[in-house]
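Novice: Fold the following for me, if possible:
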Amino acid sequence: MRNRNKTAQLKRTASHRRALLANMACSLIEHGAIRTTLGKAKALRPVAEKMVTLGKKGDLHARRQAVAFLRHKDVVKQLFEVVAPAAADREGGYCRITKLGPRLTDAAPMAIIEFVDRVIEKDEEVVEDTTDDAVEVEAEKVEAKAE
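Specialist: Next up, the predicted model:
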């Protein structure tokens, strides 16, 4: 019987599932949001939230635990310096799952998982004015780059 077994198995062995979740957690920390299947997103959320909790602790032991799971020092550095301070005032619920609908090829339910307190860096070339003049200027920039 499967009574009280909380772990989503995802039809993988334990080592494959651990590697999959570690890689997905690294991608989530690196990019801030990823698009995946709903089942994988639901399995990733507790892992990602535990990583943010380690980042909020900020001590050496927590950093070593994060490196042991994620296996990428640069991602752990980003977790402790960018992601965790953004969620410093939040006591939980660091991730958000948004359902997208079925994937075209196999109709698998898709979702986006992202950090709630995600820091979005804006591009310098974004035109703030949305009038017709700004649209024309933007179109001229696109044409100039194409040539």
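
Novice: C-alpha from now on. contacts and neighbour counts both.
Specialist: Will do.

Novice: residue contacts, residue 83?
Specialist: By C-alpha atoms under 8 Å, 6 or more residues apart in numbering, residue 83 lies in contact with 29, 52, 55, 117, 118.

Novice: Tell me who's in contact with residue 87.
Specialist: Counting by C-alpha under 8 Å, 6+ apart, residue 87 has contacts 52, 56, 94, 117.

Novice: Next one: it relative to residue 21, how far apart?
Specialist: Look at residue 87 and residue 21: by C-alpha to C-alpha, to the nearest Å, they are 21 Å apart.

Novice: Of all residues in the protein, which one is nearest the centre?
Specialist: By C-alpha atoms, centre = their mean, the chain has its centre lying nearest to residue 28, at 2.5 Å.

Novice: Please, which helix or strand holds that one?
Specialist: helix 14-31 (DSSP states H and E).

Novice: chain center to that helix, what's the gap?
Specialist: Put simply, helix 14-31 sits 10 Å off its chain's centre (C-alpha atoms, centre = their mean, to the nearest Å).

Novice: Adjacent strands (with direction) for the following helix or strand past it?
Specialist: The helix or strand immediately downstream of helix 14-31 is strand 33-37, counting by DSSP H and E. With DSSP bridges as the test, strand 33-37 is paired with strand 109-115 (antiparallel).

Novice: thinking again about what came up before, between the helix holding residue 28 and strand 33-37, how many degrees?
Specialist: Between helix 14-31 and strand 33-37, the angle comes out at 140 degrees (axes from the mean of the first three to the mean of the last three C-alpha atoms, to 10 degrees).

Novice: for helix 14-31, what is the average pLDDT?
Specialist: Taken as a whole, helix 14-31 has a mean pLDDT of 97.

Novice: what does that helix rub up against?
Specialist: 9-10, 33-34, 43-44, 47-48, 69-70, 72, 75, 78-79, 83, 113-114.

Novice: Those residues, buried ones only, as a PyMOL selection?
Specialist: To isolate the buried members of the contacts of helix 14-31 in PyMOL, using 16 or more other C-alpha atoms under 10 Å:
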select buried, resi 33+34+43+44+47+48+69+70+75+79+83+113+114
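
Novice: Show only the entries of the contacts of helix 14-31 found in helices.
Specialist: Judged by DSSP state H, helices contain the following of those: 43, 44, 47, 48, 69, 70, 75, 78.

Novice: Right, I'll leave it there.
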